[in-house]
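1. let's see this in three dimensions:
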Amino acid sequence: NVKFLFSPWAKLFGTSILRGYSVLFPTDICYTEDEVFVKRFLMNTSLVRLFEHAHYYYTHESSAPLSGRDYSGVELYTCLSIENSTHRQMERRLGSIPQEYMQVYVRRKSFLVYRLLHKSIQESRKMNVDLIALVSELKRDYAPQLQYLGDLPQTYRLIRLVILYLPTPMAVLVIKMIIR
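-> Below you'll find the model as predicted:
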């Protein structure tokens, strides 16, 4: 299932590749780090085997996952930038990426873009975030994700936040940039 392609669970990784190419989980981010790790591994191997049955047992620890944490806009932006950079490296190395994967990738990244915008709007009053510059940059670098974002139900919550948090002239500009 392509939805689970870039999650590290349900996979066995060859230690020779992990050690030989220094493939590690990124320690500078704690959101999308699993996807970055798997992509870095896949860029350095030519063999992937699929098995019909699980060959290991998973034990779940009771501690809360890091992804449930409330990230700042800066942390989300850093995660998005690192993951996007790794994705582009993978595209260059592999040449073409299957369309089915790209659809899943765009949907997953659109949700991260949504979280980034949501958090940045909330922080804009306290931290002097330049939302016009942020949305312009996101439109330039993540056009497919923003296009998909327009179809998400969360977009209405985002627009409501824009109206609540921003002065009317800026709110109108940001809303136009998000929904176009």
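
2. so where's the chain shaky on pLDDT?
-> Residue ranges of the chain with pLDDT under 70: 1-4, 50-69, 125, 127-129, 144-156, 177-180.

3. now the strands: where do they sit in it?
-> Shown for the chain, no strands are assigned by DSSP state E.

4. which residues does the spatially most central residue of it contact?
-> Geometric centre of the chain, nearest residue: K109, 4.3 Å, by CA atoms, centre = their mean. K109 is in contact with 80, 83-84, 142, 145, counting by CB atoms under 8 Å, 6 or more residues apart in numbering. Placement of C-beta: from N, CA and C, glycine included.

5. determine the longest helix present in this protein.
-> helix 99-127 (DSSP state H).

6. okay, buried residues for it please.
-> 104-110, 112-124 (16 or more other CB atoms under 10 Å).

7. what do you get for stretch 10-24?
-> Neighbour counts over stretch 10-24 (16+ other CB under 10 Å) mark 17-18, 23 as buried.

8. now do K39 against A143, distance only.
-> Computed as CB to CB, to the nearest Å, the K39 to A143 distance reads 21 Å.

9. again, but for Q89
-> Using CB to CB, Q89 is found at 19 Å from A143.

10. also F13?
-> F13 is 33 Å from A143, by CB to CB.

11. what do you get for E137?
-> According to CB to CB, E137 and A143 sit 11 Å apart.

12. quick one: the helices in this structure?
-> In the chain, the helices defined using DSSP H lie at 15-20, 33-42, 73-94, 99-127, 131-141, 143-149, 154-165, 168-179.

13. mind checking the ones you listed for the one nearest to S7?
-> The closest of those to S7 is helix 33-42. By CB to CB, the value is 5.7 Å.
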